[in-house]
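Visitor: Generate a structure from the sequence data that follows.
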Amino acid sequence: MLRDIIRNEYKESKINRYKFYKDEKSNVWISNRFASKGVKLKFYENPMGKPPHIEAVINPRIAINDYNYIGIFVHTPKNMEIMIENINSMLALIDKTLKFESMTLSRIDLCANIEFDTKYELEEYMRLVRKCRIPNGYRREKYKSNQIDYRLKNKSSFRASRNIDMLTIYNIQ
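Guide: Residues are numbered from 1 along each chain as shown. Next comes the predicted model:
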């Protein structure tokens, strides 16, 4: 979720209200102040382009205090109400004008974890996935050589895309 903010508000917020560190690779300031509540904040400084803005990466299950790591977020009216209420209370600690409703949704990740007993099973599964036929309309995506660790990422993942949809399968071990 992105929210454009004015330069002075941005600098004031970053300096005084957040626990943050700078990701040197992507030149982004990251705050983990609310990570235990399911929200990570990223501060983008773009001197040549869009105004500075905040990106909130939200884990909706943790934001509703569901710490069971199996499955995906169950989208019910009650869960959405709880999540929005919790996120708004976190945002109010930063700035009373920030609201979940004033942000723009930029991406939704639906994730499922699959565990294997051995590394061999995992490697075989990834090999089979890479050899499978890609569904009609999708095209295989590979990390490009100008990206960090592109060979390792291509070896341990599979990506296919169609329009704005992206399917990614990867080994996090």
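Visitor: CA only for contacts and neighbour counts going forward, please
Guide: Fine.
Visitor: Show the contacting residues for Ile82.
Guide: Shown here is Ile82, whose contacts under the criterion Cα atoms under 8 Å, 6 or more residues apart in numbering are Ile64.
Visitor: tell me which element it is part of?
Guide: Counting by DSSP states H and E, the secondary-structure element that holds Ile82 is helix 77-94.
Visitor: Next, the buried residues of that helix.
Guide: Applying a neighbour-count criterion of 16 or more other Cα atoms under 10 Å, the buried positions in helix 77-94 are Asn79, Met80, Ile82, Met83, Ile84, Glu85, Asn86, Ile87, Asn88, Met90, Leu91.
Visitor: Redo these as a markdown table? Include pLDDT and distance to Tyr21.
Guide: As requested, the buried residues of helix 77-94 are exported to a markdown table (pLDDT from 0 to 100; distance: Cα to Cα, whole Å):
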| residue | pLDDT | distance to Tyr21 |
| --- | --- | --- |
| Asn79 | 88 | 31 |
| Met80 | 89 | 30 |
| Ile82 | 92 | 29 |
| Met83 | 90 | 26 |
| Ile84 | 91 | 26 |
| Glu85 | 93 | 27 |
| Asn86 | 92 | 24 |
| Ile87 | 90 | 21 |
| Asn88 | 91 | 23 |
| Met90 | 87 | 19 |
| Leu91 | 83 | 19 |
